[in-house]
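Student: Coordinates for the following, if possible.
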Amino acid sequence: MLRLKAFQGLRPAPTLVSEVACVPYDVVDREESAALAAGKPNSLLHVDRAEIDLPPETDPYSDAVYAKAHENFVALQQRGALIRETEPCVYLYQQRMDSHVQTGLAAVCHIEDYERDIIKKHEKTRRDKEDDRTRLIGTLSANTGPVFLTYRDSAEIDALVADVLKGAPLYDFTASDGIQHTVWRVPRGDALLSAFAKVPCSYVADGHHRTASAARVGRERREANPQHDGSEDYNWFLSVLFPASQLQILPYNRAVKDLNRLAKDAFLEAVARAFSLKPAGSPTPSSPGEIRMFLDGAWYDLAWKPAPNADPISQLDVTGLQDRLLAPVLGIEDPRTSKRIDFIGGIRGTGELVKLVDSDKAAVAFSMFPTTVAQLMAIADANQIMPPKSTWFEPKLRSGLFIHTF
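Tutor: Just a heads-up that it's a prediction; the model follows:
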């Protein structure tokens, strides 16, 4: 069964919470990070993306960046922007994005549960990104950003959560993007932890690199500690667990920079051989088995059906697009490494696809139907790996609302 534990970590001073809490490190580039942190010395972006406090030409993976991250992390504690909890706690973390509301439990999970697939994965990690977060976590001896996990709904957990939500929150603020973040502090959290002990497994929804990196740091600390006995805090990593029914997955769209030397008519003929092709009245697919394509000022509907009794991966629209069109026609064999394809989170809308094509930054773009939570779980249960950029979860979890140290 899943192992969770309360932790005595760091959290923002209540008057500074909206400044300290920041977007995840991997949804913004250096320039965007610097803009978000401008005039906010207490933003955790000064830790998670410490290169913003160094000259622009600085290699983001250089020694200087990790040293600066450690310096900034210590400074946040010294000036009281981050304060230490007085006892082990868990937290309920609720996010409200327009009409969508999701409430999860923030606690620490055991790295062995990740290694043994009690915490299940559905994506591969990139070594360079994993190396970066491994080094940052190891340098700080802290998990600054939580892993986003999900689990199958439990009526017992739902009832306990509803009871906590009747009380006054610890934090309640609305970020600049309009998303409301509310946190309830639960000292020790015994009842919630007992209920979660009955959950057989959880799934990484978002944060595969953070999870893999935390596990690597834990293993490194074990190997370096001759007195290791399993009780050490480096065996645990920071997570927020949400019931599956509350999750919102947006599409992860695609834009390809060229037509692989094909003329428009020849390309459309190839598309028509791979899909049922017709003009589309809407840029947004209405169901699985539909893909919308934007080419030369027009939207097209690409319909397809997976083979009967196909495995969970083969039923995904992103797989159908990759196997029928991106690889054989456009020559994109490995979308993880190809420089000819870009992935656009659904939060940006289909207008972003039109803009890319109309500005000649892309030759063709594809609007996808979102992967479902049920598909994610089925793939993870089958020990399969999703194609890259298959899911885009919104809202994103803020980093810095609670920090696990070891």
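Student: Helices of the stretch 51-200 of the chain, residue ranges please.
Tutor: All helices of the stretch 51-200 of the chain, identified by DSSP state H, counting those that start in this stretch, fall at 63-78, 111-115, 127-140, 155-164, 190-196.
Student: Out of those helices, flag the one nearest residue 398.
Tutor: Judged by CB to CB, the one of those that comes nearest to residue 398 is helix 63-78, at 15.2 Å. All C-beta atoms are positioned from the backbone trio N, CA, C, and that covers glycine.
Student: what are the bridge partners for the most centrally placed residue in the chain, then?
Tutor: With distances taken as CA atoms, centre = their mean, residue 206 lies nearest the centre of the chain, 3.0 Å away. Judged by DSSP bridges, the bridge partners of residue 206 are residue 148.
Student: Contact partners for it?
Tutor: By CB atoms under 8 Å, 6 or more residues apart in numbering, the contact set of residue 206 is 147-148, 391, 393, 396-397.
Student: Make a PyMOL selection of the buried ones in these.
Tutor: Filtering the contacts of residue 206 down to the buried ones (16 or more other CB atoms under 10 Å) takes a single PyMOL command:
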select buried, resi 147+148+391+393+396+397
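Student: Next, format the contacts of residue 206 as JSON lines and append pLDDT and distance to residue 31.
Tutor: Formatted as JSON lines, the contacts of residue 206 follow (pLDDT from 0 to 100; distance: CB to CB, whole Å):
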{"residue": "147", "pLDDT": "98", "distance to residue 31": "26"}
{"residue": "148", "pLDDT": "98", "distance to residue 31": "25"}
{"residue": "391", "pLDDT": "90", "distance to residue 31": "26"}
{"residue": "393", "pLDDT": "93", "distance to residue 31": "24"}
{"residue": "396", "pLDDT": "94", "distance to residue 31": "18"}
{"residue": "397", "pLDDT": "97", "distance to residue 31": "22"}
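Student: Just give me the closest of the contacts of residue 206 to residue 99.
Tutor: Closest to residue 99, out of all of these and judged by CB to CB, is residue 393, at 16.6 Å.
Student: so the closest one bridges to which residues?
Tutor: Going by DSSP bridges, residue 393 forms beta bridges with residue 249.
Student: That one is in contact with residue 251, isn't it?
Tutor: No - using CB atoms under 8 Å, residue 393 is not in contact with residue 251; the gap is 11.4 Å.
Student: Quick check: residue 28 touching residue 34?
Tutor: No - applying CB under 8 Å as the test, residue 28 and residue 34 come out as separate, 9.2 Å apart.
Student: who touches both of these two?
Tutor: With CB under 8 Å, 6+ apart as the test, residue 28 and residue 34 reach no residue in common.
Student: of all the helices of the stretch 51-200 of the chain, which lies closest to residue 182?
Tutor: Once the helices of the stretch 51-200 of the chain are compared by CB to CB, helix 155-164 is nearest, at 11.3 Å.
Student: In terms of secondary structure, what does that closest one contact?
Tutor: Identification of packing neighbours for helix 155-164 by 3 or more CB pairs under 8 Å, 6 or more residues apart in numbering; DSSP states H and E yields strand 100-110, helix 190-196.
Student: Which residues does the last one contact?
Tutor: Contacts of helix 190-196 from elsewhere in the structure, counted by CB under 8 Å, 6+ apart, are 2, 4-6, 90, 105, 107, 154, 156-157, 160-161, 164, 186, 241.
Student: Turn the helices of the stretch 51-200 of the chain into JSON lines, columns for mean pLDDT, mean neighbour count and distance to residue 270.
Tutor: Below are these laid out as JSON lines (pLDDT from 0 to 100; neighbours: other CB atoms under 10 Å; distance: least, CB to CB, whole Å):
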{"stretch": "helix 63-78", "mean pLDDT": "98", "mean neighbour count": "17", "distance to residue 270": "45"}
{"stretch": "helix 111-115", "mean pLDDT": "97", "mean neighbour count": "19", "distance to residue 270": "42"}
{"stretch": "helix 127-140", "mean pLDDT": "96", "mean neighbour count": "18", "distance to residue 270": "34"}
{"stretch": "helix 155-164", "mean pLDDT": "98", "mean neighbour count": "15", "distance to residue 270": "49"}
{"stretch": "helix 190-196", "mean pLDDT": "98", "mean neighbour count": "17", "distance to residue 270": "50"}
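Student: for the ones you listed, which one sits closest to residue 101?
Tutor: Per CB to CB, nearest to residue 101 of the helices of the stretch 51-200 of the chain: helix 155-164, 11.9 Å.
Student: Against residue 240, how distant is the residue nearest to the centre of the chain?
Tutor: 10 Å (CB to CB, to the nearest Å).
Student: Need the overlap of contacts for these two.
Tutor: Common neighbours of residue 206 and residue 240 (CB under 8 Å, 6+ apart) are 147-148, 397.
Student: quick one: pLDDT of residue 126?
Tutor: pLDDT, residue 126: 84.
Student: check contacts around it.
Tutor: 209, 336.
Student: ok, back up a step: just the contacts of residue 206 now: which is nearest residue 58?
Tutor: Once CB to CB is applied, the member of the contacts of residue 206 that ends up nearest residue 58 is residue 396, at 25.7 Å.
Student: For that closest one, which non-adjacent residue is closest in space?
Tutor: Spatial nearest neighbour of residue 396, excluding adjacent residues (CB to CB, 6 or more residues apart in numbering): residue 24 at 5.4 Å.
Student: Can you pull the phi/psi pair for that neighbour?
Tutor: Per-residue torsions, residue 24: phi -60, psi 150 (degrees, to the nearest 10).
Student: gap between it and residue 368?
Tutor: Distance of residue 24 to residue 368, computed by CB to CB: 22 Å.
Student: higher neighbour count, the two?
Tutor: The neighbour comparison of residue 24 against residue 368 (other CB atoms under 10 Å) goes to residue 368, with 26 against 18.
Student: my guess is the more buried one contacts residue 321, does it?
Tutor: Yes - counting by CB under 8 Å, residue 321 is a contact partner of residue 368 at 7.4 Å.
Student: Overlap in contacts, these two.
Tutor: Joint contacts of residue 368 and residue 321 (CB under 8 Å, 6+ apart) are 254, 291.
Student: Which element, helix or strand, includes the residue of the chain most remote from its centre?
Tutor: Distance from the C-alpha centroid of the chain peaks at residue 265, with 38.4 Å (CA atoms, centre = their mean). Assigning secondary structure by DSSP states H and E places residue 265 in helix 264-274.
Student: Before I go, just wanted to say thanks for your time.
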